[in-house]
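> Build me a model:
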Amino acid sequence: MELEYSCLPAQGRFLQLLATARRGGRIGESGTGCGVGLAWMASAVDGCTKIISAEIDPTRADAAAELFQEIRNVTVLSSSWKALEEHGPFDLLVLDGGGTGKSAETDPERADPARFLVRGGTLVIDDFTPSTEWPRKVGGNVDEARMAWLQHPNLLSTEVPIIAKMSVVLAVRL
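Residues are numbered from 1 along each chain as shown. As a prediction, this is how the structure comes out:
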């Protein structure tokens, strides 16, 4: 069975790996969806690690909040990604549902790494189609959103393939 608004196992394992390195810290996620990525991260940390996830769809947010209600270090907000700022700055921030600038039409505002991440904090932006060209292109056009993250002056960034059809931008705040 495939769940809409959930991450693939390879993505989940990647998030689990990154979360493990941030034990005792603060992890933020935009776009909780069904809570699959959140579960991968929660399984990698102990109760000292705070995880805050924001989901804009109230039905999905309520379902995820109920799913994680007994895990005291996990909070699911029924809100846009912007609500994460009052819970940060984060040691690890996963932008999957807003703040990513993936599409200017649907997500015109990009999260500011200086406001959302501690120095040395890690940023993950997923769901990119792998590209070997520079500048990165999708459908023959420069992928402006991806290039903005890869060339952000406050980040050291790279693109990491997760599976053949998907890559992530992985960055550290300078």
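> tally of neighbours for residue 160?
If you count neighbours by other Cβ atoms under 10 Å, residue 160 ends up with 14. C-beta: built from backbone N, CA, C; applies to glycine.
> how about it, what does it touch?
Going by Cβ atoms under 8 Å, 6 or more residues apart in numbering, residue 160 touches 14, 167, 168, 169, 170.
> which residues does it form a beta bridge with?
residue 168 (DSSP bridges).
> Which one (most neighbours) among the contacts of residue 160?
residue 169 (25 neighbours).
> what's near enough to touch that residue?
Contacts of residue 169 (Cβ under 8 Å, 6+ apart): 123, 124, 125, 128, 146, 149, 150, 157, 158, 159, 160.
> Whichever of the residues you listed end up buried, select them in PyMOL.
This is the PyMOL syntax for the buried subset of these, where burial follows 16 or more other Cβ atoms under 10 Å:
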select buried, resi 123+124+125+128+146+149+150+157+159
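> Out of the contacts of residue 169, which is nearest to residue 99?
residue 125 (8.9 Å; Cβ to Cβ).
> where's the spatially closest residue to the closest one that is not a sequence neighbour relative to residue 9, distance?
Nearest residue to residue 125 in three dimensions, chain neighbours excluded: residue 169, at 4.4 Å (Cβ to Cβ, 6 or more residues apart in numbering). To residue 9, residue 169 is 20 Å away according to Cβ to Cβ, to the nearest Å.
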